[in-house]
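Engineer: Could you work out the structure for the sequence below:
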Amino acid sequence: MAGNGRELLTLSDLYDERDPQTGHYSNEIEANIAIDCLDHPDPVRTIGDVQAELPAYEDASPLIGASFAWADLMCAYWPVPAKSQPHPIHYAGSPPILVVGTIHDPATPYPSAQDMAQQLGSAVLLTYNGDGHTAYGRGSKCIDSAVDTYLAQGAVPAAGTVCQPDPAPPG
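Structural biologist: Numbers count the residues shown, from 1 in each chain. Model (predicted):
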């Protein structure tokens, strides 16, 4: 804001996983595009398609809906078509599976976590009543402890467990 964009560039480099020593980037963005386009069975093909979907996206999320709608256009140029449609996954008989869902996750909606836990049969849904994409390692000892225990011992938390963000330290 004062004519110095250094902090903004630093944040961009962090987001894009730019190595500060070599200047090289990870392929996370490209991998994400590939996954999104192959998971999206009916991508938009034209600007008109995006414009037709835009009101629904904006209704769902006035703040970032338009960004998500226009991002769908990248799949119009992806060279590999999706080979399957989204479908229920039913897997009974497995050891307990921990599914972590964040209520206010802008990228992976909480209802999807609920659906997945229900479809898997042996899954337990651990809920994070917070914001942001993903929950582990983001400021909730409750989430971190439950996930660590699951990974180390295979023990899931009680069904219906809801974790909150830890209070901000004073100061």
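Engineer: buried set for the helix or strand of the chain with the lowest mean pLDDT?
Structural biologist: Ranking every helix and strand in the chain by mean pLDDT, DSSP states H and E puts helix 28-39 at the bottom, with a mean of 83. Neighbour-count burial for helix 28-39 flags 33, 37-38 (criterion: 16 or more other Cβ atoms under 10 Å). In short, each C-beta sits where N, CA and C put it, glycine included.
Engineer: Give me the contacts around that helix.
Structural biologist: Identification of contacts with helix 28-39 by Cβ atoms under 8 Å, 6 or more residues apart in numbering yields 16-17, 43, 74-75, 78, 80, 82-83, 86.
Engineer: how close does the closest residue to residue 78 other than its chain neighbours get to residue 139?
Structural biologist: In space, and not counting its chain neighbours, residue 78 is closest to residue 37: 3.9 Å by Cβ to Cβ, 6 or more residues apart in numbering. Distance, residue 37 to residue 139, by Cβ to Cβ, to the nearest Å: 32 Å.
Engineer: if I pick residue 81, what's in contact with it?
Structural biologist: Counted by Cβ under 8 Å, 6+ apart, residue 81 has zero contacts.
Engineer: tell me the SS of it?
Structural biologist: With DSSP: H, G, I helix; E, B strand; the rest coil as the basis, residue 81 sits in coil.
Engineer: so what pLDDT did it get?
Structural biologist: Residue 81 carries a pLDDT value of 79.
Engineer: Distance of it relative to residue 128?
Structural biologist: 35 Å.
Engineer: swap in residue 90?
Structural biologist: 25 Å.
Engineer: Between these two, which has more neighbouring residues?
Structural biologist: Counted by other Cβ atoms under 10 Å, residue 90 and residue 128 do not tie: residue 128 has more neighbours, with 28 against 9.
Engineer: who does the more buried one bridge with?
Structural biologist: residue 102, residue 163 (DSSP bridges).
Engineer: contacting residues around it?
Structural biologist: Here residue 128 is in contact with 100-103, 135, 140, 143, 162-163, 165 (Cβ under 8 Å, 6+ apart).
Engineer: What of residue 135?
Structural biologist: 100-102, 128, 143, 163.
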